[in-house]
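J.: just need the structure, nothing else, for what follows:
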Amino acid sequence: MEYTAQYYRHNNASLGRKKFILINSILVCLIIGLSVLQVIILNHDSTSGEKLTLLNREINKYSAEIVDLDQEIASFSALSSVSQKASESGFLSNTQLVTLTTESPLAYKTR
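T.: Numbering: from 1, shown residues only. This next block holds a predicted model:
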């Protein structure tokens, strides 16, 4: 009987050691897997941040270009600019005023 109790204690201790080793192995694999996953996610986030920075730079560049074009349109449509372009193109400014001396109605009554 002493032999079976000793055998049982030895097997029970061996089984406990095996469970301990199995649990530790699973935990180590889990830690390594999560560490690799963290590196992958951080790499993806840093790449996305670079893309976002490039897109923001493009937005700022195009916004500045729009402001410049708006100013250019405003300068071309200014009255003095239009007058100068008309003189350069050969249009004459007519300083004579034409007036109608008699008033005529816009519509005549037909009845």
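J.: run the chain-centre distance for stretch 76-85.
T.: 39 Å (C-alpha atoms, centre = their mean, to the nearest Å).
J.: stretch 53-64 too?
T.: On C-alpha atoms, centre = their mean, the centre of stretch 53-64 falls 9 Å from the chain's centre.
J.: average pLDDT for that stretch?
T.: Mean pLDDT, stretch 53-64: 94.
J.: from now on call the first residue 47
T.: Got it, first residue is 47 now, which makes that one stretch 99-110.
J.: residue 81 and residue 138: what is the separation?
T.: Taking C-beta to C-beta, to the nearest Å as the measure, residue 81 and residue 138 are separated by 83 Å. For glycine as for every other residue, the C-beta is placed from the backbone atoms N, C-alpha and C.
J.: pretty sure residue 121 is touching residue 131, no?
T.: No. In this structure residue 121 lies outside contact range of residue 131 using C-beta atoms under 8 Å: 11.5 Å.
J.: return the distance of the helix or strand bottoming out on mean pLDDT in the chain from the chain's centre.
T.: Using mean pLDDT, DSSP states H and E, the weakest-scoring helix or strand in the chain turns out to be helix 125-135, at a mean of 82. Distance of helix 125-135 from the chain centroid (C-alpha atoms, centre = their mean) equals 43 Å.
J.: just stretch 83-90 next, same as before
T.: On C-alpha atoms, centre = their mean, the centre of stretch 83-90 falls 21 Å from the chain's centre.
J.: again, but for stretch 109-124
T.: With C-alpha atoms, centre = their mean, you get 25 Å for stretch 109-124.
J.: if you count neighbours, what's buried in it?
T.: Buried positions in stretch 109-124, judged by neighbour count with 16 or more other C-beta atoms under 10 Å: none.
J.: list the contacts of it.
T.: Stretch 109-124 is contacted by residues residue 127 when judged by C-beta atoms under 8 Å, 6 or more residues apart in numbering.
J.: how about 10 Å then?
T.: Stretch 109-124 has contacts (C-beta atoms under 10 Å, 6 or more residues apart in numbering) with 127-128, 130-131.
J.: any low-confidence regions in the chain?
T.: Residues of the chain meeting the criterion pLDDT under 70: 47-59, 140, 146-147, 149-157.
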